[in-house]
Every structure is written in structure tokens, then in C-alpha cells.
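Participant: Okay, here's the prediction I keep looking at, along with the sequence it came from:
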Amino acid sequence: MSMNAGSALAFECRNAQDAEATHLRWLQTQMMVAALSCQGSAAYNDFVHKNKVTLD
């Protein structure tokens, strides 16, 4: 995760729940990029559908 000083400061000002949600959304985005880069979009789509309630 690349962050500059401004985004790092903004991240630190969040409460723990907001910070966790932000991190999980970042992780989901990284998984999507990896899936698209490695022709794994079908597996990623399966993961998203199986975990839709948790991801929303």
C-alpha cells in the first residue's frame, strides 16, 4: 500500500472500525487487480459472489 504523508495522516484519524473497513476495501481492490492481471477474473467473481454479504 503506497501512502503519502497526507493520506497516512487521514488514515490515522479514523476510528478502528473505519480503518479496518478501509483496509479491507483496499485488500479487495488489490485482489481484483491481481485477478485481472493474471486472467483470474472468473475465480475472483466466484469469490465475490460467495462472500457478497461480507464484502458489502
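Facilitator: Great, that's in hand. All values derive from a computational prediction rather than experimental measurement.

Participant: just the helices in the protein please.
Facilitator: Here the chain has its helices, by DSSP state H, at 5-12, 16-37, 41-50, 52-55.

Participant: what would those helices look like in TSV with mean pLDDT and mean neighbour count?
Facilitator: To be clear about C-beta, it is placed using only N, CA and C from the backbone, and glycine gets the same treatment. Below are those laid out as TSV (pLDDT from 0 to 100; neighbours: other Cβ atoms under 10 Å):
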stretch	mean pLDDT	mean neighbour count
helix 5-12	55	10
helix 16-37	88	12
helix 41-50	89	12
helix 52-55	84	8
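
Participant: what does stretch 26-39 rub up against?
Facilitator: For stretch 26-39, the surrounding residues in contact (Cβ atoms under 8 Å, 6 or more residues apart in numbering) are 1, 40-41, 43-44, 47, 55.

Participant: Make JSON lines from those residues and add distance to A16 to it.
Facilitator: Shown next, in JSON lines, are the contacts of stretch 26-39 (distance: Cβ to Cβ, whole Å):
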{"residue": "M1", "distance to A16": "17"}
{"residue": "G40", "distance to A16": "32"}
{"residue": "S41", "distance to A16": "33"}
{"residue": "A43", "distance to A16": "31"}
{"residue": "Y44", "distance to A16": "28"}
{"residue": "F47", "distance to A16": "26"}
{"residue": "L55", "distance to A16": "19"}
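
Participant: What is the nearest of the residues you listed to L24?
Facilitator: The nearest member of the contacts of stretch 26-39 to L24, counting by Cβ to Cβ, is L55 at 8.2 Å.

Participant: Could you pull up the contacting residues of the closest one?
Facilitator: By Cβ under 8 Å, 6+ apart, the residues touching L55 are 28, 48.

Participant: please redo it, this time with the cut-off set to 10 Å
Facilitator: L55 makes contacts with 24-25, 28, 47-49, as judged by Cβ atoms under 10 Å, 6 or more residues apart in numbering.

Participant: again, but for V53
Facilitator: Residues counted as contacts of V53 (Cβ under 10 Å, 6+ apart): none.

Participant: and it, how far is that from T29?
Facilitator: 19 Å (Cβ to Cβ, to the nearest Å).
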